[in-house]
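Peer 1: task: produce atomic coordinates for the following.
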Amino acid sequence: MTYARVSNRNGKPVFSAAGNRLRLVPAYHALAAKGAAPVIFAGADEEDILANSHFRESDQVLFGKVVRPMPELVEFCRRRGKRIVFDFCDDPWDYPELRPTIDAGAEADLCTTSSDGLARKLRSRLGVTVEVVKEPPDCAYGAPRVAPDGDKVRLLWFGSDSNADSLGGLVETLMPLTSEHKLELTMIGGDRRAYEPVLAAATPHFSILFREWELGLLDRAMKRSDIVLIPKRDGPWSRLKSENRLVTSLAGGRIAVAGTIESYEKLADWCVLTNDFRTAVEDILERPKLYRRKVKAGQKHVRRHYDPAVIRRHWRKILS
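Peer 2: Presented below is the predicted three-dimensional model:
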């Protein structure tokens with residue numbers, strides 16, 4: 001169950017929230033493939049869920065991307081002997097709206113999460129068993145490409161609106177490159193208003209575009225791009241995030257320049273981890289063959305460790 005609403009596409013659940021798309025949906029398919037009958041409760045009130053026969057007859061309940069506290073559901077599960085699994089894809093101590101989930105997570109039989117760092121924090125603060133389940137790429141696999149296709153270098157950023165402030169100063173940092181290259185930055189997010197300060201920095205030689213996320217858009221944008229940019233937010237936020245955006249970039253066939261967080265370090269051989277984005281982009285443009293080889297090798301790693309089939313098998317093992 002989750003706070004978000006779910007749509008149906010060709011008989012499969014579709015979420016706009018990445019935290020659900022990359023976690024609840026793989027778990028759903030893992031159970032369905034094993035012959036179970038998973039049911040998603042999305043955006044429903046606690047009293048409606050309690051009255052639902054699917055919930056009452058279930059053996060196991062997975063709470064994922066839950067915002068509102070649901071103590072009655074947790075208590076009902078406890079009384080009926082249902083197994084409770086609570087999934088954290090964000091650090092609940094970082095976001096006030098997620099803090100009510102901390103108590104619920106402490107009541108779970110098992111917590112799952114997306115990064116080793118967040119798993120350690122949950123174990124130490126909640127005293128619960130935690131299993132790290134990675135996230136599959138959020139786009140299709142694409143042929144590796146680094147060199148620009150034409151006279152313009154196309155840069156791509158994608159993420160949640162809460163990460164939009166990580167883009168502050170990025171355009172100014174890269175602007176000196178326009179003396180030799182035309183630049184284009186495409187940002188994919190949810191609410192255009194969060195990106196207006198960046199859009200206002202556009203110049204004739206540095207065009208900046210915003211696209212509202214929709215299913216399939218990231219695949220198209222990745223094919224059109226040359227380099228993915230993943231700057232890190234200032235402050236303590238997001239230090240325990242998963243490596244998903246980096247994994248997605250590699251799967252899409254693109255080199256990523258990313259700020260350093262713990263989960264990215266295991267992928268350091270196949271990207272550029274730095275705070276000096278200008279120098280990194282310059283080096284990529286000067287040595288495209290080297291970076292294309294990095295992406296090609298990184299894709300092999302992604303297929304071995306992050307492929308959707310790999311993730312589904314892990315969920316199936318945990319939830320069986």
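Peer 1: pLDDT score assigned to residue 62?
Peer 2: As predicted, residue 62 sits at a pLDDT of 95.
Peer 1: hang on, it in a helix?
Peer 2: No: when DSSP: H, G, I helix; E, B strand; the rest coil is applied, residue 62 is found to be strand, with no helix at that position.
Peer 1: compute the number of surrounding residues for it.
Peer 2: 26 (other CB atoms under 10 Å). Heads up, the C-betas are built off the backbone N, CA and C, glycines and all.
Peer 1: try residue 278
Peer 2: If we define neighbours as other CB under 10 Å, then residue 278 has 16 of them.
Peer 1: got the contact list for it?
Peer 2: 173, 174, 176, 177 (CB atoms under 8 Å, 6 or more residues apart in numbering).
Peer 1: any chance you could map the strands in the protein?
Peer 2: For the chain, the strands defined by DSSP state E cover 7-9, 12-14, 60-64, 83-88, 110-113, 130-132, 152-158, 182-189, 206-212, 227-230, 255-258, 272-273.
Peer 1: can I get the ones you listed in CSV with distance to residue 286?
Peer 2: As requested, those are exported to CSV (distance: least, CB to CB, whole Å):
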stretch, distance to residue 286
strand 7-9, 43
strand 12-14, 41
strand 60-64, 43
strand 83-88, 41
strand 110-113, 39
strand 130-132, 37
strand 152-158, 12
strand 182-189, 16
strand 206-212, 19
strand 227-230, 13
strand 255-258, 13
strand 272-273, 13
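Peer 1: nearest to residue 34, of the ones you listed?
Peer 2: Closest approach to residue 34 among the strands of the chain is made by strand 60-64 (12.0 Å; CB to CB).
Peer 1: quick one: contacts of the closest one?
Peer 2: With CB under 8 Å, 6+ apart as the criterion, strand 60-64 contacts 1-2, 19-20, 23-24, 27, 55, 70, 73, 77, 82-87, 89, 101, 104, 108, 319.
Peer 1: just the buried residues from those, in PyMOL please.
Peer 2: Buried subset of the contacts of strand 60-64, written as a PyMOL selection, criterion 16 or more other CB atoms under 10 Å:
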select buried, resi 1+2+19+20+23+24+27+55+70+73+77+82+84+85+86+87+89+101+104+108+319
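Peer 1: once you drop chain neighbours, what's closest to residue 262?
Peer 2: residue 117 (4.8 Å; CB to CB, 6 or more residues apart in numbering).
Peer 1: flag the shaky bits of the stretch 151-300 of the chain, pLDDT-wise.
Peer 2: Judged by pLDDT under 70, the stretch 151-300 of the chain has its weakly predicted residues at 235-238.
Peer 1: of the contacts of residue 278, buried ones?
Peer 2: Buried among the contacts of residue 278 (16+ other CB under 10 Å): 174, 177.
Peer 1: inside helices: which ones of the contacts of residue 278?
Peer 2: Among the contacts of residue 278, the ones falling in helices (DSSP state H) are 173, 174.
Peer 1: farthest pair in the contacts of residue 278?
Peer 2: 173 and 177 (9.2 Å).
Peer 1: can you report how many residues lie near residue 91?
Peer 2: 20.
Peer 1: for it, which non-adjacent residue is spatially closest?
Peer 2: In space, residue 91 comes closest to residue 240 once its chain neighbours are excluded; the distance is 5.0 Å by CB to CB, 6+ apart.
Peer 1: how near is the one you found to residue 247?
Peer 2: 16 Å (CB to CB, to the nearest Å).
Peer 1: ok, those two, which is more surrounded?
Peer 2: Set side by side, residue 240 and residue 247 give different neighbour counts by other CB under 10 Å, the larger being at residue 247 (28 against 24).
Peer 1: show me the contacts for residue 280.
Peer 2: 257, 272, 274.
Peer 1: name the nearest residue to the residue nearest the centre of the chain, sequence neighbours excluded.
Peer 2: Per CA atoms, centre = their mean, the C-alpha nearest to the average position across the chain is that of residue 244, at 4.7 Å. Spatial nearest neighbour of residue 244, chain neighbours left out: residue 135 (4.5 Å); criterion: CB to CB, 6+ apart.
Peer 1: give me the pLDDT for that neighbour.
Peer 2: Predicted confidence (pLDDT) for residue 135: 97.
Peer 1: buried set for the longest helix seen in the chain?
Peer 2: Looking across the chain with DSSP H, the single longest helix is helix 288-305. By neighbour count with 16+ other CB under 10 Å, helix 288-305 contains the buried residues 288, 291, 292, 294, 295, 298, 299, 302.
Peer 1: one more: stretch 310-320?
Peer 2: For stretch 310-320, the neighbour count (16+ other CB under 10 Å) marks 311, 312, 314, 315, 316, 319 as buried.
Peer 1: wait, the fourth one sits on residue 24?
Peer 2: No: using CB atoms under 8 Å, residue 315 is not in contact with residue 24, being 9.7 Å away.
Peer 1: need the overlap of contacts for those two.
Peer 2: With CB under 8 Å, 6+ apart as the test, residue 315 and residue 24 reach no residue in common.
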